[in-house]
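> mind looking at a prediction? Sequence and model below.
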Amino acid sequence: MTFDVHAVRKQFPILGRTVHGKPLVYFDNAASAQKPDVVIDAMAGAMRHSYANVHRGLHTLANETTQAYEAAREAVRALLNAASSEEIVFTKGGTEAVNIVAAGIGASIKPGDEIVLSIMEHHSNIVPWHFLRERKGAVLNWVDTLPDGSLDMDSLARQLGPKTRVLALTHMSNVLGTVPDVKAAIAMAHAAGAQVLLDGCQAVVNLSVDVRDLDVDFYVGTGHKLYGPTGIGFLYGKRERLEALPPFEGGGEMIETVGRDVVTYNSAPHRFEAGTPPIVEAIGLGAAIGWLQAQDRQAIHAHKQTLLARATEALSGVDGLTIHGTAPGKGPVLAFSIQGAHPHDLAQILDRQGVAIRAGHHCAQPLMSHLGVGATARASFALYNTVEEVDTFVEALSKARLMLS
């Protein structure tokens, strides 16, 4: 199957707009991706024609909405190749998913227990573990990267030990694009007696993920990077791991019985979905996954790698420009710094030319410190981006350099 990027672009209405009189070039996909018509239509259709609360009603609308909501859960299960839809918890995003796991494991954390993190982690996979350091006396141990941005596997081996309770690791860095050898890392952590949580928010849209093959304990993702809506994410957990976690929030649906002096809790996944869930958002996520899975994902991967290679080649020869992250097999993320030019200034000048990139610390301040910078600029590529847009970006960046020199 040949990948037709122009046919795909027609399904994303926002890509037809202009910014400051220029055609929009959207290279901020690692932060949040745009939405195809099928997602917009699914969410609007649910609200127009078949909306009610889920799991509680016996009338037709409630049954239709519950069916659509649970179909979305099955779509996530299939995306990850989980064994059962009961291993998929809907959350309001990847951040909440990590917090559910950290809080649950934290209930049994003792002073001196160790959490191992990589220096590449997003704040969402750092701060919840800091809570355990502050409140329970846990120790955070850090794994550095090699000069090309690869995970230092020797450092990982040194950090894992008899006191390690959890390895929390990105499956793809949102800054460097690095894809660690997570299968090897998981095996190492399990050999040390630790559980593993993978942050898959970047990886799940760019890679084929098989949680059973990886043998990972927990895997988190978010909808808005997956061409779906905001306000919805997911937590995969092995059934026995989820059942061992205490509830995260209390309310409706997550209970079996409630009395004056006793409460009993529902089984997973519902014990972690207190109250009215993000129903319409889940339906939108299900539509996004169904749409993505219907594409030729191997062709999409090759297309995005072509965009990354073209941009990397063009920027590699620029005086004073440093590309952060050159690990083999990296994802379609290009973070860079230009000597004498602040990333925020670069982003604003590019915006005037219709090119949207990200600038800042990317919620990865430990990594920025490790790289010796306060911030970087970042271009990130999606399936709807084109070679011509990469060339526009390179030309706009050249103009920005001249303005700032």
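Everything's here; your move.

> from here on, just use CA atoms for contacts and neighbour counts.
OK.

> SS state for residue 201?
Under DSSP: H, G, I helix; E, B strand; the rest coil, the three-state class of residue 201 is coil.

> pull the number of nearby residues for it.
29 (other C-alpha atoms under 10 Å).

> how far away is it from residue 62?
Distance, residue 201 to residue 62, using C-alpha to C-alpha, to the nearest Å: 31 Å.

> again with residue 49
12 Å.

> the more surrounded of those two?
residue 62 (18 against 11).

> could you find the closest non-adjacent residue to that one?
residue 52 (4.9 Å; C-alpha to C-alpha, 6 or more residues apart in numbering).

> swap in residue 172?
residue 179 (4.6 Å).

> tell me how many other residues crowd the one you found.
22.

> the one 10 residues further on now?
Close neighbours of residue 189, defined as other C-alpha under 10 Å, add up to 23.

> can you pull the contacts of it?
Counting by C-alpha atoms under 8 Å, 6 or more residues apart in numbering, residue 189 makes contact with 160, 166, 167, 195, 196.

> sort out for me which of those residues are in strands.
Secondary structure from DSSP state E places 166, 167, 195, 196 of the contacts of residue 189 in strands.

> which strand residues bridge the first one?
It stands for residue 166. Judged by DSSP bridges, the bridge partners of residue 166 are residue 115, residue 195.

> was I right to think it contacts residue 115?
Yes: using C-alpha atoms under 8 Å, residue 166 is in contact with residue 115, at 5.0 Å.

> surely residue 269 meets residue 86?
Yes: between residue 269 and residue 86 there is a contact under C-alpha under 8 Å: 5.5 Å.

> could you measure from residue 34 over to residue 154?
Distance, residue 34 to residue 154, using C-alpha to C-alpha: 38 Å.

> ok, the two, which is more surrounded?
Shown here are residue 34 and residue 154; by other C-alpha under 10 Å, residue 34 has more neighbours (19 against 10).

> grab the nearest non-local neighbour of the more buried one.
Per C-alpha to C-alpha, 6+ apart, closest to residue 34 is residue 227, 5.7 Å.

> before we move on, what about residue 287?
In this structure, residue 287 finds its nearest non-sequential neighbour in residue 39, 5.4 Å apart by C-alpha to C-alpha, 6+ apart.

> tell me who's in contact with that neighbour.
Contacts for residue 39 (C-alpha under 8 Å, 6+ apart) come out as 227, 228, 229, 284, 285, 287, 288.

> please identify the helix or strand for the last one.
To tie it back to what came earlier, the one meant is residue 288. For residue 288, the enclosing helix or strand under DSSP states H and E is helix 279-293.

> list the buried residues for that helix?
Neighbour counts over helix 279-293 (16 or more other C-alpha atoms under 10 Å) mark 279-290, 292 as buried.

> ditto for stretch 42-51
Buried, per 16+ other C-alpha under 10 Å, within stretch 42-51: 42, 43, 46, 51.

> count the residues that sit near residue 243.
Counted with other C-alpha under 10 Å, the neighbours of residue 243 add up to 16.

> that's a helix at it, yeah?
Yes: the assignment for residue 243 is a helix, going by three-state DSSP.

> how far away is residue 168 from residue 57?
The value you get for residue 168 to residue 57, if C-alpha to C-alpha is used, is 39 Å.

> who has more neighbours, the two?
Per other C-alpha under 10 Å, whichever of residue 168 and residue 57 has more neighbours is residue 168, with 24 against 13.

> what about stretch 135-148, start to end distance?
35 Å.

> and stretch 357-365, by the same measure?
19 Å.

> mean confidence for it?
Across stretch 357-365, the average pLDDT comes to 97.

> in it, what counts as buried?
Buried residues in stretch 357-365 (16+ other C-alpha under 10 Å): 357, 358, 359, 360, 361, 362, 364, 365.

> can you show me the strands along the stretch 1-150 of the chain?
18-19, 22-23, 25-26, 88-91, 114-118, 139-143 (DSSP state E, counting those that start in this stretch).

> I meant to write the stretch 151-300 of the chain there.
In the stretch 151-300 of the chain, the strands defined using DSSP E, counting those that start in this stretch lie at 164-170, 195-199, 218-222, 233-237, 255-258, 263-265.

> ok, which of those comes nearest residue 305?
Comparing those by their distance to residue 305 (C-alpha to C-alpha), the top pick is strand 164-170, with 19.8 Å.

> which other residues reach the closest one?
Identification of contacts with strand 164-170 by C-alpha under 8 Å, 6+ apart yields 113-118, 120-122, 125, 180, 189, 192-200.

> so which of the strands of the stretch 1-150 of the chain comes closest to residue 351?
Closest to residue 351 of those is strand 18-19 (C-alpha to C-alpha; 7.6 Å).

> what's the mean pLDDT across the closest one?
Computed over strand 18-19, the average pLDDT equals 97.

> go on, stretch 237-253?
Mean pLDDT, computed over stretch 237-253, is 96.

> with only the CA atoms kept, save that stretch in CSV.
Only the C-alpha atoms of stretch 237-253 are listed here, as CSV (Å, rounded to 0.1, in the frame of the first residue of the first chain):
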residue,chain,number,x,y,z
GLY,A,237,-1.9,-2.9,33.8
LYS,A,238,-1.5,-6.6,34.0
ARG,A,239,-4.7,-7.9,35.7
GLU,A,240,-2.9,-9.0,38.9
ARG,A,241,-1.1,-5.6,39.1
LEU,A,242,-4.3,-3.6,38.8
GLU,A,243,-6.1,-5.8,41.3
ALA,A,244,-3.2,-5.2,43.8
LEU,A,245,-3.6,-1.4,43.6
PRO,A,246,-6.0,0.5,45.9
PRO,A,247,-8.5,2.8,44.4
PHE,A,248,-7.3,6.2,43.4
GLU,A,249,-10.5,8.2,43.8
GLY,A,250,-13.8,7.5,45.5
GLY,A,251,-17.2,8.0,44.1
GLY,A,252,-19.8,6.3,41.9
GLU,A,253,-19.1,3.2,39.8
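
> and the pLDDT at residue 115?
For residue 115, the predicted pLDDT is 98.

> before we move on, what about residue 156?
For residue 156, the pLDDT comes out at 98.

> and if you look at the one 4 residues further on?
Confidence per residue is given as pLDDT, and for residue 160 that number is 98.
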